[in-house]
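Undergrad: fold the following.
(chains A, B, C, D and E)
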Amino acid sequence: MKKIAITKLNDLYAAIAQNQSLLLPIKRAGQTNFGIWTEDAEVDLQTLKTVKSAKDAFFPQSENLYTCYKDGKKISIAPEKLQEESFVVFGMKGCDVRGAMVLDKVFLANPVDNYYAARREHGIIVSLACSQPEESCFCKAFGIDCAEPEGDVVTWLTADYLYWKPVTEKGEALTAQVADLLEDADDKAVSEQKAAIAATVEKLPYANISLEGWNGDALKEKFDSPLWEQLYKPCLACGTCTFVCPTCQCYDIKDYDTGNGIQRYRCWDSCMYSDFTMMAHGNNRNSQMQRFRQRFMHKLVYFPANNDGMYSCVGCGRCVDKCPSHLNILKVIKAFGKEGK
Amino acid sequence: MQGLKARALELLNDGTVSRVLGWKIGENTYDPEPAFFETAEAMEQFVYNNFCAANLSKYMIEASKLEGKTLVCLKPCDSYSFNQLLAEHRIDREKAYIIGVGCKGKLSIEKVKQSGLKGILSVTDTDPLKVETLYGDAEVAYKDAMLDRCHVCKGKEHVVYDELYGESEDTSDADRFEQVRAIEAMSPEEKFAFFQAELSKCIRCNACRNVCPACSCRKCVFDSNKFDSAQKANVDSFEEKMFHIIRAFHVAGRCTDCGECSRVCPQGIPLHLFNRKFIKDINALYGEYQAGADVDAKGPLTSFTTEDAEPGVVSQGGIV
Amino acid sequence: MSEKKNQAKMVQEISGANPYKCMKCGKCSATCPSYDEMDIKPHQFVSYVQRGDIEALAQSKSLWKCLSCFACVERCPRDVEPGRIIDAARQIVVRQRGGNYLKAEEIPPLVDEDLPQQLLVSAYRRYKR
Amino acid sequence: MSVNEEFRPKIVAFCCNWCSYAGADLAGSSRLAYPADVKIIRVPCSCRVNPMFILRAFEKGADGVILCGCHPGDCHYSTGNYYTRRRMTMLFSMLDFIGVENGRTRVEWVSAAEGVKFSTTMNDFVAKIRSLGKNVRLGDLRCKD
Amino acid sequence: MQRIGVFVCHCGSNIAATVDVKKVVEMARMEPGVVFADDYQYMCSEAGQAKIGAAIKEHNLTGIVVCSCSPRMHETTFRSCAKRYGLNPYMVEIANIREHCSWIHKDMQEATEKAVILARAAIAKVNLNAPLQAGESRVTKRALVIGGGIAGIQTALDIADAGYEVDIVEKTPSIGGRMSQLDKTFPTLDCSACILTPKMVDAAGHEKIKIYTYSEVEKVSGFVGDFTVDIRKKARSVDATKCTGCGVCQEKCPSKKTPSEFNRGLGNRSAIYTPFAQAIPNVPVIDREACIKFKTGKCGVCEKVCQAGAIDYAQQDEIITEKYGAIVVATGFDTIKLDKYDEYAYNQSKDVITSLELERVMNAAGPTKGHLERLSDGKAPKEIVFIQCVGSRCADARGKGYCSKICCMYTAKHAMLIRDKYPDVNVTVFYIDVRTPGKNFDEFYRRAVEEYGVNYIKGQVGKVAPQPDGSLLVQAADLLDNRQIKMKADMVVLATAIEPDPSVRGIATMLTASIDTNNFLTEAHPKLRPVESPTAGVFLSGVCQGPKDIPETVAQAGAAAVKVIGLLAKDKLTTNPCTAKPDELLCNGCGNCAKVCPYGAITYEVRQINDHGIREERRLATVNNALCQGCGACTVTCPSGAMDLQGFSNRQLIAEVDAICR
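TA: So this is what the prediction gives:
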């Protein structure tokens, strides 16, 4: 266990950024999101949840795949360069780290997504324990310990110090880079914080929400439930829940004509959108109820069915906070719970 | 609230209406969700409190397609949106039974959180708000927890209703165009920096558009291939500017300034500024106009006078 | 020259009247009860403003002969409203001179409730010196 | 860009078929020169021009967009340009509001008889755009060469 | 994918001297869709066109781009060329590399670069062109004239003389209009009735003209060439087929206290009446508001005295539905109300009258049998004052901003006639300006001053005050002498502003014809199409379009008739194929596009729709291709992009933008 005084955090950031780019929560125009650290960036470790999750670090909202160039009537293709340099994502919470592991199931399984794989390979995760969990957090339901998150390095923030514990090889290597700034520390303060967090988590209203009945076996019964018809009604069909989600992984591929060539890029898609999975013949899901159902069935039924029971929800609660109509996964789970299913 | 619920139930039971469009009790005081109630049993979950901010008028588009009348609860400012939708034939007046519900300014849990409170376990909708959190109890003044739009309230009168329930209050205590004027006073560089910072947060979730009662197109131009314009986040941020400028332009003269766009933006972008800029310009150049105030009024961008200002007025000191 | 222009501009600003709208119909002069006592006639006011010759207006008898009855304002078909113009000219003179005929406290007992406010204000201006 | 390489802006001019396009033709037949940076797109009426087209031009790298129509009151379709006038006033005001240099867009009424006006207008507009320099605030970076 | 041919014209040296045409050809070949490109000396020549034709055949071209002079010059040429060789004419685009390029640029490289870009834009556009077909619509060979005044009568006569059926709809019981109320006409001073009555008789007797008096247009649907109009024939209570026009009923009618509309309320008429002696048709109507039989059920005198048995109390309004190819609006004018002009004492004194009332006073058939007398006491006036511009040229809300145009001349006429007949009467005219452009007009006015001694004073009247002795005190200004005038007059005549007849508003709405802020109907083009409404098939005649005197009205009536004849002479109308077209799956039915359509071409209908499996009824915009002129105003108003313009579609214009900015 190492530590660094919070007064010296800027030195730590600078030291990390010297060798690789550093992403961390930055407050910009009043909102905190992950962004690249610069001297004048306003780092914000106090806000528990960034608006968007740290998903962008590995799976950006938009990224170029390749570009076609035209010379007369000849066309040539130039693929986008894959991530080659390492980078650090600092301050990811337990839920976001788990979110990346959910994405791994999708993008690292065959066929491997090269763009994602390259970023995962070169990304170093420095996670941060949640000293003050909030009411919409329910990561515990998914077996996540926000007091000791996963990651290459785990950190804890107390009033005076940032405690630093490398966990993996990557983490050790990063620690070595900044060793000059770190001092040795004992576990006392960290243990105290972990105990305090555990106590708070027990008081969270949804920490122990039951996921009983949500698995691959429940597919047909859940799919056909008349409850969806009631639940989706207030849904505005916006993509807020999917875009703030650390695990939503659907994307769309589009072309952009730059005048000098065509850039093929991919961008996050949302199952809430009417053109989601639109094909030449039309759309598989042509009502908002079906699209709404898709999101929750995917997270709680289809995904665990295909991934050894792993849910593709990590309980970060961002969708709970951000839905304009106050709809959310908790209300869905509870609604089904009430039905006794 | 009980009276309102009883009245709605009465109208539902006697067959005057086939359903009630109101708010359903949430997990907490602060998260009621818009909902349709079709049975007396369902009505048990009906709620109307000071956190019921959502403008329900847009839901009437779908409700107008259903059999029978829908009882809809509209706050004074929502009634403008209803009228505007009516003027554009998007909803059917005959299909609506409007209870104009009282409003004394709506609360936002975001505002409560902005006061620094975390881990909110419960909150009251009283003045002051009594907040119980994981990390201690606190109080927040009602005005401080009120949505921004309520500080520039359009007034306590409903412009359309079948019956009224409850008292309303004009909660305006700020100048509606103050922010717009502040930006107008900036240099082009400052303006650009301001909007660049705000718009770069945009994640193209389309919440602003989808909640907007003026954005009632069956298919948004950004969702169709008519202009080769993208619906989703692009690699370059130009699309965000394009989207927000065009969206504001499309609702110019039709926007009632209900403020839902800014309320729902997950990134807290002050989207209403675009709409208010247009409203301010329209008022200055073409005469005071409030969309939705009068169903038969001619919209400022679908009418003209031969004496209108030239576009050059913008570069000659701007529209004041 | 620029002073002249300024004064003319000020007259226009104070009165809100646009002298260029005048089509010289003379309805103001036709309607004016003080016509015979005026050296510059109401329909001529606009010409002075157009020329920027506020000084001549200021020196004129007309300035103090106008009763502010607003008959010309009421009847002017072009919204030029000479009554306002002369009132504005008067105001400029008053601003230059300062000093009052009456003391503020003497006014309330003299005020007749039925008098139009505009007339009162204009009377204050005239009897201010 | 080297110092002696003159900045050649890309300028899109929308001209209504009945007045301004004919005005441009007259400028041509009168041999009244204006810079080749101006490229004209023919539209039936100025009211056909959607703000989307203007933003699109900027997105794709235009440095200035000018819209020409019949003089108010002379519209071939009687009222089209009155709508244009309001729409463009609103659009330009919004562009100004978000910090785009307001000289980059212009509306000018040019009749079929005003070849001279067309030419001087274009000369003037090109000069203005040259003084403003490249459009950086309202373009898609991918379209820059 | 299109197969596009590009043809670059040298235009002799007009283009080739400054544009490297070979380079343009070479660059065009690189563009997507282009399968053929060539250049030629004169593309518009017969040989050039043959070249295009050959390429169309040989390369199976689906679209062509001609880089040449302005499309305003030769677009039609190349379109018909394409058509001749089997290509849809709307698959042709022109890149204007002469007027917009070679003629204005001196530098060859610069001009060539620009020509390449212009060609590229045209190619990008034609890639998205779609074949368009000009539609056809039938023409009903019958015209409707709304209004039976001199404008309507003249228009109807001219149309009928050309051999087409015309119906006149007149809301009063007789045709004749304002002109029938006039005594004499300027500048010739001939009797109004003497020149109007023969025309009325001609119209009534014309085999091609049908007159509906006491009738109103109730509903109009359809479009140019094919209007359907409902006409309400109000119940006359007199059977026109039986009535002999003997007039006994009017004589015997006991209800005689109704103010006569024809005499401007200066005299009374009976409940059963014809407005004036020469009325056409000479069939009375019963004013049911005034008739004792209708009010109380008792009376029936007219029925008793009518030898022909023509009185029919049970008669009902009748709706006649008729089809027309063209509609002429000739609704005329009225004088404005003077309620807001207290200073002229019009409402206080009977001796203050309008000029139109003076016409009735001067008329031998009028309330005073043509004697000039004061209406208050019947005395002969000795001093008469005329006041010009009453309500005209007014910037405020009381009057009208425009000049009523006819007042200067009729006042000179009145003054002259009075001085002629009553030389001992003094006549004073107060004016702001005297406007007498027109043949023999100024001479006429000068005669009034020089020969008849009418006293013209430059200056306006401020106040007319009725005096206890029955005279009128007129207070005015003489601006030229710089004095104020206070004079006594026995009679004051107000040259009251005229305004379009109030009925025009409703008619304009029915016809979707636009009206200006003064309620005058708007013309399609103020200079070049002054007798046509922007709404196709609707024409304007007389004062409904703007103030004018009789000769101008008659001239415009003839012009409108010619336009109608030109339209009716066609068997079919070809419609412009570049019209707006809504995408029914995107349309919201919001109604905003119709609001900006100058031609009323957009209407809404509820239709069953299958939107990718969702079946529902929707309110959708429909464009009438016969009416749409293709301006595109609707396309920008439509937020969803549902409304598009064929030939200038959103995607085509965007493609051009992209190509230019590339």
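
Undergrad: tell me the spacing between B:Lys118 and B:Leu134.
TA: Going from B:Lys118 to B:Leu134 by C-beta to C-beta, to the nearest Å gives 7 Å. Bear in mind the C-beta positions are built from the backbone N, C-alpha and C, glycine included.

Undergrad: which one of the two has more residues nearby?
TA: B:Leu134 (19 against 16; other C-beta atoms under 10 Å in any protein chain shown).

Undergrad: in contact with the closest residue to the more buried one other than its chain neighbours, which residues?
TA: Spatial nearest neighbour of B:Leu134, excluding adjacent residues (C-beta to C-beta, 6 or more residues apart in numbering or on different chains): B:Gly119 at 3.3 Å. Contacts for B:Gly119 (C-beta atoms under 8 Å, 6 or more residues apart in numbering or on different chains) come out as A:Gln132, A:Pro133, A:Glu134, A:Glu135, A:Thr200, A:Leu204, B:Thr133, B:Leu134, B:Tyr135.

Undergrad: strands - which of those land there?
TA: When those are checked against strands (DSSP state E), the matches are B:Thr133.

Undergrad: got a quick ChimeraX command for the buried subset of the contacts of B:Gly119?
TA: With 16 or more other C-beta atoms under 10 Å in any protein chain shown as the burial test, the buried ones among these are selected in ChimeraX as follows:
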select /A:133,134,135,200,204 /B:133,134
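
Undergrad: can you give me phi and psi for the residue of chain D found nearest chain C?
TA: Closest to chain C within chain D is D:Gly73: 20.2 Å, counting by C-beta to the nearest C-beta. Backbone torsions for D:Gly73, taken as degrees, to the nearest 10, come to phi 100, psi -20.

Undergrad: contacts only, for it.
TA: B:Thr306, E:Pro526.

Undergrad: helices of the stretch 151-300 of chain A, start to end?
TA: A:169-177, A:188-203, A:219-223, A:227-231, A:240-244, A:288-297 (DSSP state H, counting those that start in this stretch).

Undergrad: please identify which of these is closest to chain E.
TA: Among the helices of the stretch 151-300 of chain A, helix A:288-297 comes nearest to chain E, with 11.5 Å by C-beta to the nearest C-beta.

Undergrad: hang on, the earlier thing: and the residue of chain D closest to chain C, how far from D:Arg87?
TA: According to C-beta to C-beta, D:Gly73 stands 17 Å off from D:Arg87.

Undergrad: ditto for B:Val235
TA: Distance, B:Val235 to D:Arg87, by C-beta to C-beta: 30 Å.

Undergrad: more neighbours, those two?
TA: Legend: neighbour count by other C-beta under 10 Å for B:Val235 and D:Arg87, higher for D:Arg87 (25 against 20).

Undergrad: that one belongs to a helix, doesn't it?
TA: Yes. Counting by DSSP: H, G, I helix; E, B strand; the rest coil, D:Arg87 is part of a helix.

Undergrad: if we ignore the residues flanking it in sequence, what's nearest the closest residue to chain B within chain D?
TA: Using C-beta to the nearest C-beta, the single residue of chain D nearest to chain B is D:Gly99, 2.9 Å away. Nearest non-adjacent residue to D:Gly99, counting by C-beta to C-beta, 6+ apart: B:Phe192, 2.9 Å away.

Undergrad: check E:Gly147 too.
TA: E:Ala330 (3.7 Å).

Undergrad: relative to E:Gln556, how far out is the one you found?
TA: According to C-beta to C-beta, E:Ala330 and E:Gln556 sit 9 Å apart.

Undergrad: all strands for the stretch 51-200 of chain A, in order.
TA: All strands of the stretch 51-200 of chain A, identified by DSSP state E, counting those that start in this stretch, fall at A:62-71, A:74-79, A:87-92, A:123-128, A:153-157, A:161-166, A:183-184.

Undergrad: tabulate those (TSV), appending mean pLDDT, distance to chain B and mean neighbour count.
TA: Below are the strands of the stretch 51-200 of chain A laid out as TSV (pLDDT from 0 to 100; distance: least, C-beta to the nearest C-beta, whole Å; neighbours: other C-beta atoms under 10 Å in any protein chain shown):
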stretch	mean pLDDT	distance to chain B	mean neighbour count
strand A:62-71	92	5	15
strand A:74-79	92	15	11
strand A:87-92	97	17	25
strand A:123-128	97	16	25
strand A:153-157	97	15	23
strand A:161-166	96	20	21
strand A:183-184	95	30	10
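
Undergrad: show me the one of those strands that comes nearest chain C.
TA: strand A:62-71 (55.3 Å).

Undergrad: go ahead and name everything in contact with the closest one.
TA: By C-beta under 8 Å, 6+ apart, the list of residues contacting strand A:62-71 reads A:75-80, A:115, A:253, A:260-268, B:232-235.

Undergrad: tell me the phi and psi of the residue nearest to the spatial centre of chain D?
TA: Centroid check for chain D by C-alpha atoms, centre = their mean gives D:Ile66 as the closest residue, at 1.1 Å. With angles defined as degrees, to the nearest 10, D:Ile66 sits at phi -120, psi 140.

Undergrad: so who does it touch?
TA: Counted by C-beta under 8 Å, 6+ apart, D:Ile66 has contacts D:Ile11, D:Val12, D:Ala13, D:Phe14, D:Val38, D:Thr105, D:Arg106, D:Val107, D:Glu108, D:Thr121, D:Met122, D:Phe125.

Undergrad: one more time with 6 Å, if that's ok
TA: Contacts for D:Ile66 (C-beta atoms under 6 Å, 6 or more residues apart in numbering or on different chains) come out as D:Ala13, D:Arg106, D:Phe125.

Undergrad: and those, which of them are in strands?
TA: Going by DSSP E, the strands hold D:Ala13, D:Arg106 from the contacts of D:Ile66.

Undergrad: from the contacts of D:Ile66, which is closest to B:Gly253?
TA: Comparing the contacts of D:Ile66 against B:Gly253 with C-beta to C-beta places D:Arg106 closest, at 22.9 Å.

Undergrad: distance check, the residue of chain D closest to chain B against chain A.
TA: Going from D:Gly99 to chain A by C-beta to the nearest C-beta, to the nearest Å gives 15 Å.

Undergrad: look at that residue and give its secondary structure.
TA: Of the three states, D:Gly99 takes coil according to three-state DSSP.

Undergrad: find the nearest non-adjacent residue to the residue nearest the centre of chain A, please.
TA: Taking C-alpha atoms, centre = their mean, the centroid of chain A lies closest to A:Pro246, which sits 2.3 Å from it. Leaving aside its chain neighbours, A:Pro246 sits nearest to A:Gly99 (2.8 Å; criterion: C-beta to C-beta, 6+ apart).

Undergrad: I'm done for today, thanks for sticking with me.
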